[in-house]
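In: Sharing a sequence plus its predicted fold:
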Amino acid sequence: MNKFSKNQLQRYPVYLKYFKELLDKGVVEISSPKIANELGYSEEQIRKDLQAISDEPGRPKRGRDVSRLIENLESFLGYRDCSNAILIGAGHLGAALLNYTKFAEMGLEIVAAFDSDPSKIGQIVGGKTIYPIGEFEERFAKFDAKIAIICVPAAFAQDVADMVIRAGCQGIWNFAPGHLNAPLNVVVENVNLASSFAVLSHRLGNVK
């Protein structure tokens, strides 16, 4: 089984978006040099990335079939197998995620949200009901959700993580700042805005 680095996994959605744009323009084949020129990756990197998930080799002087690449990427990323998710913390960021309409294209559906703020309870945001956090454990199983999206302040994030893990959550998408402790059988992906901005700031400073 191939092992994929985090950087490699993060490149695959970039490829997928680019290939879908090409298909919309009527482009049916694409070569590694053209991808490299457009996306800024090395040709060798692109060949290794695509070969790792493709069910057919590239064709010299013709490249790869764009439709087949899209199929391979969507299957590899799990975008064709819908996963239910629940969201904890329906503040500004949580509400923005609830209103985001593109998750379905990634195979993700947020089915409900939970919050501790009484003023938010019962509201419908992005078509999803916000429930009191105190009802989480009794309601979780009814939603058949594998993923919890955490959008709470850092001080409460570990308690929320412990709660969703007890309820049987298999994956955590953490938007709260700070590290979360979780057992090895629970997948945690941290969205670190500070790290992302540091990369942007550094690259901006190196632009001549």
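Out: Thanks, I have it.

In: Can you tell me the element Phe114 falls in?
Out: Taking DSSP states H and E as the definition, one finds Phe114 inside strand 108-115.

In: Beyond that strand, next helix or strand please.
Out: According to DSSP H and E, the helix or strand after strand 108-115 is strand 124-125.

In: what sits up against whatever helix or strand comes next after that following strand?
Out: Next along the chain after strand 124-125, taking DSSP H and E as the criterion, comes strand 128-132. Residues outside strand 128-132 that contact it (Cβ atoms under 8 Å, 6 or more residues apart in numbering) are 87, 90, 98, 110-116, 118, 120-124, 139. No exception for glycine: its C-beta is placed from N, CA and C like everyone else's.

In: okay, strand 128-132 in CSV with CA atoms only?
Out: C-alpha atoms of strand 128-132 as CSV (Å, rounded to 0.1, in the frame of the first residue of the first chain):
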residue,chain,number,x,y,z
LYS,A,128,-29.2,22.6,9.4
THR,A,129,-30.8,22.8,12.9
ILE,A,130,-28.7,23.9,15.8
TYR,A,131,-29.3,21.7,18.9
PRO,A,132,-28.2,22.3,22.5
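
In: could you give the angle of that strand to strand 108-115?
Out: Strand 128-132 and strand 108-115 meet at an angle of 30 degrees, taking axes from the mean of the first three to the mean of the last three Cα atoms, to 10 degrees as the criterion.

In: Flag every buried residue along strand 128-132.
Out: Judged by neighbour count using 16 or more other Cβ atoms under 10 Å, the buried positions of strand 128-132 are Lys128, Ile130, Tyr131.

In: Type out the PyMOL command that picks the buried ones from the contacts of strand 128-132.
Out: Selection of buried members from the contacts of strand 128-132 for PyMOL, criterion 16+ other Cβ under 10 Å:
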select buried, resi 87+90+98+110+112+113+114+115+120+121
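
In: and the lengthiest helix in the chain, what other elements does it pack with?
Out: Across the chain, the longest stretch assigned as helix under DSSP state H is helix 6-24. For helix 6-24, the packing partners by 3 or more Cβ pairs under 8 Å, 6 or more residues apart in numbering; DSSP states H and E come out as helix 32-39, helix 43-53, helix 66-77.

In: before we move on, back to that, could the buried residues of strand 128-132 go into JSON lines alongside pLDDT and distance to Pro177?
Out: Shown next, in JSON lines, are these (pLDDT from 0 to 100; distance: Cβ to Cβ, whole Å):
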{"residue": "Lys128", "pLDDT": "94", "distance to Pro177": "24"}
{"residue": "Ile130", "pLDDT": "97", "distance to Pro177": "22"}
{"residue": "Tyr131", "pLDDT": "97", "distance to Pro177": "25"}
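
In: Tabulate these (JSON lines), appending distance to Leu23.
Out: Compiled in JSON lines, the buried residues of strand 128-132 are given as follows (distance: Cβ to Cβ, whole Å):
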{"residue": "Lys128", "distance to Leu23": "31"}
{"residue": "Ile130", "distance to Leu23": "37"}
{"residue": "Tyr131", "distance to Leu23": "40"}
